[in-house]
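Enquirer: all I have is the shape, not the residue letters:
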């Protein structure tokens, strides 16, 4: 066996010169793709419904094949249809012609408004295209074209595929295709002619019929009638200046400082140019036969007014300039700027003669410098106002980016309380707190992480947006921000609350800048309450008491429990704010021993309940319902406690980072617990002061009731009594609660060290605001600007009521909430949101433009008005809309008038005639007979003429099978195309 196998192996080493050529390999690859896509055999579908090419779903599959090293892409385009199992038996019939041949004669989908060019030319529901893969490649030589066509023909014959197969030839822009379709004993050849200029003899129907008949070459003497479908398209362009309703804002008035044209706080809206550039009217004669009409070089029966079908499409202006979109886009551009406020406004703003630059944020350090100036002139506000004067002196009035009128208008808009002689009370900042909070639009700031639509932050964002667009650009933004920071400093120094901010701690659902302003307001509230307390204590001649005299303070402040309870009840919610101790900030500086002496107690640990019971209670808020102290049975009083320090999200992040850095060691964990229990310790001290003789169990029963477990037990006498004890976690050795309780001293809240140092926090906020660059500021406020833009779009849409726009707005809100909720969103995603908003604005502007052009508001009859509004909304959403009643319907008459006016405009040089309104024009047109005589000039020459010629004749011999023939032609100014599908019998020829 081994000996026999040796010669065999030598035989297979002989080089075989009969291997497949590149051409054969190409054919086999085409066959392989057709087999993979299961395009073999005849599969008949349902007859095509009317309009299915536009309303149906088109899908495509693609693959790549090579002819030698030249790459082609093979694409299968098909209309998705339900499978028809019932017709499976008919597929076996030999005389059934392929589906695509039947589709050539179908008249339900002539001139589809949106489809592949081969669908429009041949009416096919399914076809395969082989085209050069690279856009620059092209099959130009005739021999290569024929080679490809031969390959297609062989592949179709070998596989039995009955789907038409096209090859794209010449340059892609010419859209030239040749192809073939094969069936049992039949074949259709798809051919094409494309010229730049229309030959004179083929500019009308009679010339095209001659081509069609000569191409068919039918041997029958009485030729079967040719079915004809015709469409003429007329373009209306000259209408913008007479029918565009948008009034652009008066920019000169705005720049001049008059803010009447566009109020601050209101965003502009609308397109600056007509967003509808053209109206295309297609007049169609769908079913004509040869001999019914005449259309030659001398006379034509094809009058657009008499066409049975009218359909309209509008051509939208590409990227029309929209005011709202431009506003937001320009503001977004600030985010990419790198300059600081000082660099934009000029470094000389803060320079003194012969001295280095002094920033406002260094005002505090000035207080500590030795100087010959009297100390009262060295207050922070004094320093700030001196700096402010220097800015104006150096810059000069004419150099200011914002003139005084504009600046004052904005500041009054932002701070309405500045109108009165003194800023308003706390109530001003909180009365904005009662908008319709249940409204979906108002709560949008939660999703966008912006700010409420009635807040100062939101108004500031709108003002900066407007200044950036109309009043000085980036310099104007820097100028206003500088003035804003100075105003914040002034309000902090003079205890004036900031208006337009909800009271309470910073709202973490809002942007960081809003939180910072809320934090500053909290500081002002605390400082204001403290300063007012000083005044009242001074006016009542109350002597300042140090902690060493705490017993006397107790005598003075709490003579009996009843009075103190009544007093404290009136001040629930602002207990810390209402403290009246003038020297409270110095309590923290005194030693513990003094304080303990004053309380008559050596140590919190040693002082038992009995000793503590001797102390006079201080800082009671009100009596707890039924609870009494466990040891002495006295009523348990809820103490006045310090409010926890308000925190902004950046402070919370810093705190969490510090706590995380402490690590997981026992020491780190203990230190972390100590840091977190500052508020707990304060509350324990307040509780001890309010309830002398209390124990940890008493505190836990009030502070954390779950940690005090009560059980029913039977005592010695047999009675059922409740016995309570601390929970398991409270009994853990070295428990933080126990440690804190032993450390805590009976000190009322008003004499404790402040948990919240408002002075320090306010200076931190003011410094943070002062160092913000315009780019940082824009980043902070961009969510508020997008929020405002979305609200504006919703408001404008509600006036127009466009259902498609409602859906898009919901998508924008959903997309924006995902993007804006995370810190530092990507620029690309922000640009997408702004682009979506601009698109919606353009869509609403288009609706208004069409409503103005068609005069929907002028309709007196309700029914006609509804029809027109429906027609306009369809024009926006659909590629092409059928005009009910064609030229004789209500919409048809309006379209006719539009064309008549445009024609008068072009024909007449007289401006008065050009400005004739449509109503007078219709009167001048007179009776229908006169109108009929003048109607030739009512429309311009058609921009495009399309003809479809169809017939069924035997080819090539009289005894051949009668098969469908079709020719599509389109004639425009610079284009002439014939696309023919000619079928022939391959069995009987």
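Expert: Now that the structure is in, tell me what you want to look at. All figures in this text were calculated on a predicted structure; none of them were measured in a lab.
Enquirer: name the next helix or strand downstream of the strand or helix carrying residue 208, please.
Expert: Using DSSP states H and E, residue 208 sits in helix 205-216. Next helix or strand after helix 205-216 toward the C-terminus (DSSP H and E): strand 227-236.
Enquirer: what angle do that next one and helix 205-216 make?
Expert: With axes from the mean of the first three to the mean of the last three C-alpha atoms, to 10 degrees defining the directions, strand 227-236 sits at 140 degrees from helix 205-216.
Enquirer: show me the contact partners of strand 227-236.
Expert: 107, 110-111, 205, 278-290, 302, 304, 307, 895, 898-899, 902, 939-940, 942-951 (C-beta atoms under 8 Å, 6 or more residues apart in numbering). Backbone N, C-alpha and C define where each C-beta goes, glycine included.
Enquirer: check contacts around the nearest residue in space to residue 817 that is not next to it in sequence.
Expert: Nearest non-adjacent residue to residue 817, counting by C-beta to C-beta, 6 or more residues apart in numbering: residue 447, 3.7 Å away. Residue 447 makes contact with 813, 816, 817, 820, 821, according to C-beta under 8 Å, 6+ apart.
Enquirer: now the helix or strand hosting residue 447: buried residues?
Expert: According to DSSP H and E, residue 447 maps onto helix 444-448. The neighbour-count check on helix 444-448 (16 or more other C-beta atoms under 10 Å) flags 444, 445, 447, 448 as buried.
Enquirer: and for stretch 222-239?
Expert: Those would be 226, 227, 228, 229, 230, 231, 232, 233, 234, 236, 238, 239, for stretch 222-239 by 16+ other C-beta under 10 Å.
Enquirer: what's the pLDDT at the last one?
Expert: The one in question is residue 239. Note for residue 239: predicted pLDDT of 64.
Enquirer: just the first one next, same as before
Expert: You'll see residue 226 listed with a pLDDT of 92.
Enquirer: so, low pLDDT: which residues of the stretch 401-550 of the chain?
Expert: Along the stretch 401-550 of the chain, the parts satisfying pLDDT under 70 run over 420-441, 533-550.
Enquirer: show me where it has helices.
Expert: Counting by DSSP state H, counting those that start in this stretch, the stretch 401-550 of the chain has helices at residues 404-414, 426-431, 444-448, 456-470, 473-493, 512-539, 550-557.
Enquirer: can you say which of those helices is packed in most?
Expert: The highest average neighbour count among those, using mean count of other C-beta atoms under 10 Å, belongs to helix 456-470 at a mean of 24.
Enquirer: ok so, going back, who does the helix holding residue 208 touch, helix- and strand-wise?
Expert: The contact analysis (3 or more C-beta pairs under 8 Å, 6 or more residues apart in numbering; DSSP states H and E) places helix 205-216 against strand 944-954, strand 962-972, strand 975-985.
Enquirer: list the buried residues of that helix.
Expert: 205, 206, 207, 208, 209, 211, 212, 213, 216.
Enquirer: hang on, the earlier thing: tell me the spacing between the residue nearest to residue 817 and residue 510.
Expert: Residue 447 sits 12 Å away from residue 510, taking C-beta to C-beta, to the nearest Å as the criterion.
Enquirer: one step back: so can I have a markdown table of the buried residues of helix 444-448 showing distance to residue 140?
Expert: Shown next, in a markdown table, are these (distance: C-beta to C-beta, whole Å):
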| residue | distance to residue 140 |
| --- | --- |
| 444 | 59 |
| 445 | 62 |
| 447 | 57 |
| 448 | 56 |
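Enquirer: which one of these is nearest residue 81?
Expert: residue 447 (41.9 Å; C-beta to C-beta).
Enquirer: about what we covered before: among the helices of the stretch 401-550 of the chain, which is nearest residue 744?
Expert: With C-beta to C-beta, the closest approach to residue 744 among the helices of the stretch 401-550 of the chain belongs to helix 550-557: 15.4 Å.
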